[in-house]
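**Student:** Build me a model from this:
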Amino acid sequence: MLRIHFTDADLARTKVASGPDPLWEVCASLHRLQTRRGRWAYAGWYRTSRDRLRATHLARTVREVLLPLVPRAAYFPDFLTPPESSAGLESGLEAILATPPSRVLDEVGILGRTSGAPAWAPRLAERGWRTDLVKAIRAYHDVVIAPHGDRVQARVEAERSERSRLVLDHGAEGVLRNLGPCLRWRPPVLHTVYPEDRDLHLRGRGLRLVPSYFSWGNPVAFAESALDPVLFYSLTHEPPGDDLPGDLGSGAPLGALLGRTRASVLRATATGATTGELARSAGVSPSTASQHATALRDNGLIVTNRHASSVLHTLTPLGAALLRGGLRRTG
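**Tutor:** Numbers count the residues shown, from 1 in each chain. Got it, this is the predicted structure:
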């Protein structure tokens, strides 16, 4: 069990990441390759990623380099998911290169003691070896993560919209009370299932919540308590077909979607909206609004996520681009 202790200052400084963390998604996706747990939620991604890794001859690199460093176990090195990654993949990779050799050796040593590290892992203290590691991570990201970036981004933006509503309605504690089945808020402590029994005292630093598409199950925090507090937690996935498609569109011409009512529905999703809010915005019944939302979702313009007893519709990057284009033409 992990217990995260908050003060009033910590509640005021708690925030949700502005987007997916690319290096964390790399590590979480590597975990997905090592287990069948939750495979149904990523079935399309798994099939296409496996084929792409073989076609690009990266399968061996993943098997012999990346998977041994990121085992699906209680620990993998913190330096592989630096805070700088929140600013983008290249910033994160630069931070890996800049990691002090002493820290690399310490964390590789922990990996060796907990789940076993490859014999070559201590060589990562040498910049040349970390340069090769960064090249492997970048190649893996380009082949496995980047092709699905729009869907991942849309899901994270939907999560942020929902968290924003909770803050407005219930304050920061509303967010902490609704982070998923693995987390329980018992003021002033957030409890979560964890591989080890541990207390994390925030001491006024606040907590950065990072929703992760590829994470499954228990949330994850940095092992080193001196690092800025971060909690990576899983987005929810619903059956039957929430796997990642090869593209965001259905193939139908986008022009078929346009019309006054459907455009109103699309605009209403810009900041996130429930089906009832879509209906009120477009001046139609909830069932009609739901039909329009289905058409927009089937053509990759919005995503729909269920939260408790309600659903929230938000734009995908494709939907946002279409909406911006329409605003420029009418502006």
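**Student:** can you pull out the helices in this protein?
**Tutor:** Applying DSSP state H to the chain gives helices spanning 8-13, 22-32, 43-55, 59-61, 67-69, 89-97, 101-114, 127-140, 149-170, 172-176, 260-268, 275-282, 286-298, 317-330.
**Student:** As a markdown table, those helices with mean neighbour count and mean pLDDT would be great.
**Tutor:** Bear in mind the C-beta positions are built from the backbone N, C-alpha and C, glycine included. Below are the helices of the chain laid out as a markdown table (neighbours: other C-beta atoms under 10 Å; pLDDT from 0 to 100):
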| stretch | mean neighbour count | mean pLDDT |
| --- | --- | --- |
| helix 8-13 | 15 | 90 |
| helix 22-32 | 23 | 93 |
| helix 43-55 | 16 | 88 |
| helix 59-61 | 14 | 93 |
| helix 67-69 | 18 | 94 |
| helix 89-97 | 18 | 95 |
| helix 101-114 | 16 | 94 |
| helix 127-140 | 16 | 96 |
| helix 149-170 | 19 | 79 |
| helix 172-176 | 20 | 81 |
| helix 260-268 | 19 | 82 |
| helix 275-282 | 18 | 82 |
| helix 286-298 | 18 | 86 |
| helix 317-330 | 14 | 64 |
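**Student:** Can you lay out these as TSV showing distance to residue 76?
**Tutor:** Converted to TSV, the helices of the chain look like this (distance: least, C-beta to C-beta, whole Å):
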stretch	distance to residue 76
helix 8-13	26
helix 22-32	7
helix 43-55	19
helix 59-61	17
helix 67-69	7
helix 89-97	13
helix 101-114	6
helix 127-140	13
helix 149-170	20
helix 172-176	26
helix 260-268	41
helix 275-282	40
helix 286-298	35
helix 317-330	30
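**Student:** Please identify which of those is closest to residue 199.
**Tutor:** Taking C-beta to C-beta, helix 8-13 is the member of the helices of the chain nearest to residue 199, at 13.8 Å.
**Student:** In CSV, please show the C-alpha coordinates belonging to that closest one.
**Tutor:** Taking Å, rounded to 0.1, in the frame of the first residue of the first chain, the C-alpha atoms of helix 8-13 are listed here in CSV:
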residue,chain,number,x,y,z
ASP,A,8,-3.5,22.2,2.7
ALA,A,9,-0.6,23.5,0.6
ASP,A,10,-0.3,20.2,-1.2
LEU,A,11,-4.0,20.3,-2.2
ALA,A,12,-3.6,23.8,-3.6
ARG,A,13,-0.6,22.7,-5.6
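**Student:** Can you work out which other helices and strands pack against it?
**Tutor:** helix 172-176 (3 or more C-beta pairs under 8 Å, 6 or more residues apart in numbering; DSSP states H and E).
**Student:** Would you mind pulling the contact partners of the helix it packs on?
**Tutor:** 6, 11-12, 14, 16, 163, 166-167, 183, 185, 187, 190, 209 (C-beta atoms under 8 Å, 6 or more residues apart in numbering).
**Student:** cool, stretch 1-9 as well?
**Tutor:** Residues contacting stretch 1-9 (C-beta under 8 Å, 6+ apart): 14, 176, 187-194, 196-204, 206-207, 219, 221, 229, 231.
**Student:** For PyMOL, what selects the buried ones among the residues you listed?
**Tutor:** The buried residues among the contacts of stretch 1-9 can be selected in PyMOL (16 or more other C-beta atoms under 10 Å) with this line:
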select buried, resi 14+176+190+192+194+200+202+206+207+219+221+229+231
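**Student:** And the pLDDT for the most centrally placed residue in the chain?
**Tutor:** With distances taken as C-alpha atoms, centre = their mean, the chain has residue 212 as the residue nearest its mean C-alpha position (2.2 Å). On the pLDDT scale, residue 212 is placed at 88.
**Student:** Could you do residue 331 as well?
**Tutor:** 43.
**Student:** now do residue 34
**Tutor:** Reading off the model, residue 34 has pLDDT 90.
**Student:** Enumerate every residue touching the residue nearest to the centre of the chain.
**Tutor:** Contacts of residue 212 by C-beta under 8 Å, 6+ apart are 20, 21, 24, 25, 28, 232, 233, 234, 235.
**Student:** Now distance to residue 302 too, for those, in a markdown table please.
**Tutor:** Below are the contacts of residue 212 laid out as a markdown table (distance: C-beta to C-beta, whole Å):
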| residue | distance to residue 302 |
| --- | --- |
| 20 | 18 |
| 21 | 24 |
| 24 | 25 |
| 25 | 22 |
| 28 | 24 |
| 232 | 25 |
| 233 | 23 |
| 234 | 22 |
| 235 | 16 |
